[in-house]
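Undergrad: my questions concern the predicted model and sequence given below.
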Amino acid sequence: MGDAVEITGLVKRFGSVTAVDGLDLKMPRGGLLALLGPNGAGKTTTVEICEGFVRPDEGTVRVLGLDPRRDGTALRPRIGVMPQGGGAYPGVRAEEMLGLVAACAADPLDPAWLLDVLGLGGARRTPFKRLSGGQQQRLSLACALVGRPELVFLDEPTAGMDPQARRLVWDLLEALRADGVSVLLTTHLMEEAETLADDIVIVDRGRVIAQGSPSALTAEHADDAQLRFRARPGLDTELLSAALPEGYLVRESAPGAYRVAGIVDPQVVSTVTAWCAQQGVLAEELHVGKRDLEEVFLELTGRELRT
Ligand SMILES: Nc1ncnc2c1ncn2[C@@H]1O[C@H](COP(=O)(O)OP(=O)(O)OP(=O)(O)O)[C@@H](O)[C@H]1O
C-alpha cells in the first residue's frame, strides 16, 4: 500500500505571495501527522491542495494514491474534511446538519452516537448559529468523520475549544487512529502535536524546516539545558541579557514567560535570580532542563507559535 499523502516540490503562489514554496511531505497510511507553523506559513493552502480545492502551480500531490483534482470524484468519498472555522447553514439544527452529511455517505456512522461521543448530545436540537464556537467546531469535526473516511484533513480542529472539549476530540482522534484512519491536522498547539502526532512537520514560509517524531525533534540538542521562568510581564530583557556572559540572550516569549538562550550552568542560574532580586521581582516556575517543542520552534523560526 502506498502512502496516505505524498507531496513533492509543491509550489503555490497567490499573486506576489508564495504561500507554499517547494514543500515535500509524506504520511504513511494509518499515521497521524501534525503540520505546525506560525500564521501564514502555508498550512491551510497545503491542506486545501490535498483536498482538491486549490490548484497547485508546481509539484505533485498524491492522496491515497490519487490526484486530488484529476481524480476528485473517486477521492472525495474516501476522505473527510474539516475546514478552518467550520461552517453550516445558520438555522440548521446540529442533528439535521450531521444527518444531511451522513445521507451522502454509503456507510455512515450513527450520527446520534457521534454527537454523544463529541459531547453534543445535549445540543442535538440547537440551531447551528446558537452553538458555542467550540460546539460548532465539534459539529464540523463530526461532519468530517460521519462518512467513515480512510483519511481526514483537519485544519486547526480544536481552535477555540475549552480544555474539556479538546480532550474529547483528542480521545476521538486516538480512537480513529486505533481503527487505522489516517489523520493530517494543522495546529498552533504544541501540546496537541506532542500528544497526538507520530510525526510533526514544522512549516515556515511555505517550506518544511524540521520534521520528526515529537521526541526526536526535542532530542536533537538534548544535552543543552535550557532555563525558563515566569515573572511579571515587561522585564527589561536587554538589561538582563547584558548581566549574563556574552552570547546569552533573554527573551520574553509570551507575556510573563522568559527564556534564556544559551547553555545553562550554575553561574547563569545564580545571575538570573540575583538580577530578578535586584529588580524586586520573584522569578517563579524557574525551570532548568531539556528544551521543549516550543523552544525548538522558536529557535527554528525566530517566532512564537502563538501569535
Ligand atoms: N486565496 C488567497 N489569496 C491570496 N493570498 C492567499 C490566499 N490564501 C492564502 N494566501 C496567503 O498565503 C500565505 C499562506 O496562507 P495559509 O492560510 O496557507 O497559511 P497558514 O499557515 O494556514 O496560516 P494560518 O495559521 O493563519 O491559517 C499567507 O500569506 C496568505 O495571506
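TA: Happy to help now that I have it.
Undergrad: every contact and neighbour count from this point should use C-alpha atoms.
TA: Fine.
Undergrad: dead centre of the protein: give me the residue that sits there.
TA: Thr187 (1.4 Å; C-alpha atoms, centre = their mean).
Undergrad: mind listing what that one touches?
TA: Counting by C-alpha atoms under 8 Å, 6 or more residues apart in numbering, Thr187 touches Ala34, Leu35, Leu36, Gly37, Asp155, Glu156, Pro157, Ala193.
Undergrad: pLDDT score for the third one?
TA: Reading off the per-residue confidence, Leu36 sits at a pLDDT of 92.
Undergrad: check the burial of whatever residue of the stretch 201-307 of the chain ends up closest to the ligand by counting its neighbours.
TA: Distances between the stretch 201-307 of the chain and the ligand by C-alpha to the nearest ligand atom are smallest at Gly206, namely 7.1 Å. Counted with other C-alpha atoms under 10 Å, the neighbours of Gly206 add up to 22.
Undergrad: that one and Asp24 touch, don't they?
TA: No. At 10.2 Å, Gly206 does not count as touching Asp24 under the criterion of C-alpha atoms under 8 Å.
Undergrad: hang on, Met190 packs against Glu294?
TA: Yes. Using C-alpha under 8 Å, Met190 is in contact with Glu294, at 6.7 Å.
Undergrad: wait, what's in contact with Val288?
TA: With C-alpha under 8 Å, 6+ apart, Val288 has these contacts: Ala225, Gln226, Leu227, Arg228, Val264.
Undergrad: distance to Cys50 and secondary structure for these - can I get that in a markdown table?
TA: Shown next, in a markdown table, are those (distance: C-alpha to C-alpha, whole Å; DSSP: H, G, I helix; E, B strand; the rest coil):
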| residue | distance to Cys50 | secondary structure |
| --- | --- | --- |
| Ala225 | 39 | coil |
| Gln226 | 38 | strand |
| Leu227 | 40 | strand |
| Arg228 | 39 | strand |
| Val264 | 43 | coil |
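Undergrad: buried subset of these as a ChimeraX selection?
TA: Filtering the contacts of Val288 down to the buried ones (16 or more other C-alpha atoms under 10 Å) takes a single ChimeraX command:
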select :225,226,227,228,264
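Undergrad: which among the contacts of Val288 gets closest to Arg167?
TA: Nearest to Arg167 among those: Arg228, at 27.0 Å, using C-alpha to C-alpha.
Undergrad: tell me the pLDDT of that closest one.
TA: pLDDT for Arg228: 90.
Undergrad: circling back to that earlier point, show me what the residue nearest to the centre of the chain is bridged to.
TA: When assigned by DSSP bridges, Thr187 has beta-bridge partners Leu36.
Undergrad: on that earlier part again, export the contacts of Val288 to TSV and tack on distance to Ala242?
TA: As requested, those are exported to TSV (distance: C-alpha to C-alpha, whole Å):
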residue	distance to Ala242
Ala225	20
Gln226	18
Leu227	16
Arg228	17
Val264	15
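Undergrad: contact residues of this structure facing the ligand?
TA: Phe14, Ala19, Pro38, Asn39, Gly40, Ala41, Gly42, Lys43, Thr44, Thr45 (C-alpha under 6 Å from any ligand atom).
Undergrad: highest neighbour count among those residues?
TA: Neighbour tally across these (other C-alpha under 10 Å): the maximum, 26 neighbours, falls on Lys43.
Undergrad: pull up the gap between that residue and Gly289, please.
TA: Applying C-alpha to C-alpha, to the nearest Å, the value for Lys43 to Gly289 is 31 Å.
Undergrad: which residues of the protein score low on pLDDT?
TA: By pLDDT under 70, the weakly predicted segments of the chain are 86, 220-224, 303-307.
Undergrad: show me it divided up by domain.
TA: What automatic domain parsing lists as the domains of the chain is 5-218, 223-289.
Undergrad: brilliant, that's me finished.
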